[in-house]
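>>> no sequence for this one, just the structure:
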């Protein structure tokens, strides 16, 4: 199915969770609690249809066709 | 601070260590908060951050891009520099609150530099949206570092709404015009019971020293270092400037006088025919 990720169409498998998506995009393995498997900080956050999805909820939040997902991180700024 | 240059420098370092910047119960060893915006390269930024001695630095929240991400956040984690996410680019309280929520999730901090600007031309804070956003964020448990106009009335209003620190501008973001209204900054400081951080408009080291002499608790700047011809050298200059200004404030400056006042005694002069 297709969702919108950061403004562009993005394909994910049917019923994929937020964890699956974040893991796919960042290339990091994630535990069900949303932390990285290697214990390093991930430094990203997810909003789904303009609602923040807490890290602890990523694993149990299934994406649906047409969802609008924003995946953000820290960049240079004053 | 007696003695040789070496003893003087050591004394300055001790002074800084004995006089930490305390905000939200956290002790920071430096009164310089450095933004990361405007640096052309991450290597250069890292060197400037180290040279500046900063222990707190601002970051912006933007869309994750696999090609260029991870490195800034990793750089700060590696150097053990605390992050202060900002809401730069937000024009409304609604956007600022959403951005702050994302930052809290991503960076695991409830500190936020609240920036709600009126337009892209002036980049000046929108007072109405700023007040609204401060109220909402405080209710949601954020520690709000409110970037504000150099308006003593608004600054006090933000404090009363629960802001953790108020951060009046010296002049508009990125202008390097320094502190355009020192009187207002002094007035804000004199009435505040939360830390006052001079934020924006700093051009060079003397501006930061002046901010501290006016009684500010800390100085926040980015462009002045990141876009200097030699960012690491300028970072180091600012490190000393905030310490110098802080010491000068504590030392108590001489009053300004209309007329000259000799420091050498007139008595006992030799006489020449």
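Yep, it's here. Treat the numbers as computed from the prediction; the structure is a model and nothing was measured.
>>> average pLDDT for the helix ranked longest in chain B?
Looking across chain B with DSSP state H, the single longest helix is helix B:231-251. For helix B:231-251, mean pLDDT is 96.
>>> Now do it: distance to the chain's middle.
For helix B:231-251, the separation from the chain centroid amounts to 12 Å (computed by CA atoms, centre = their mean, to the nearest Å).
>>> Now tell me what touches the helix or strand that contains residue B:157 from outside.
Applying DSSP states H and E as the criterion places residue B:157 in helix B:152-160. For helix B:152-160, contacts defined as CB atoms under 8 Å, 6 or more residues apart in numbering or on different chains pick out B:127, B:130-131, B:134, B:144, B:146, B:148, B:166, B:168, B:184, B:187-188, B:191-194, B:196. Any C-beta I mention is one placed from the backbone N, CA and C, and that applies to glycine too.
>>> now that helix, how far from the chain's geometric center?
Here the centre of helix B:152-160 is set off from its chain's centre by 18 Å, with CA atoms, centre = their mean.
>>> do the same with stretch B:132-146
Offset of stretch B:132-146 from its chain centre (CA atoms, centre = their mean): 19 Å.
>>> Please apply the same query to stretch B:53-71.
In this view, stretch B:53-71 has its centroid 19 Å away from the chain centroid, taken as CA atoms, centre = their mean.
>>> Please report how far the residue in the stretch 51-200 of chain B that chain A sits nearest to lies from residue B:267.
Proximity of the stretch 51-200 of chain B to chain A (CB to the nearest CB) peaks at residue B:60, 2.6 Å away. Separation of residue B:60 from residue B:267 (CB to CB, to the nearest Å) stands at 64 Å.
>>> More neighbours: those two, which one.
Set residue B:60 next to residue B:267 and count neighbours by other CB atoms under 10 Å in any protein chain shown: residue B:60 wins out with 24 against 4.
>>> for the record, mean pLDDT for the helix holding residue B:157?
On average, helix B:152-160 scores 97.
>>> Ok, stretch B:103-111 next?
Averaged across stretch B:103-111, the pLDDT comes to 95.
>>> Identify those among the contacts of helix B:152-160 that sit within helices.
Judged by DSSP H, those include B:127, B:130-131, B:134, B:184, B:187-188, B:191 as members of helices.
>>> and of these, the nearest to residue B:235?
Nearest to residue B:235 out of those is residue B:188 (CB to CB; 26.2 Å).
>>> per-residue pLDDT, the closest one?
98.
>>> wait, isn't it in contact with residue B:167?
No: if you go by CB atoms under 8 Å, residue B:188 and residue B:167 don't touch, sitting 10.0 Å apart.
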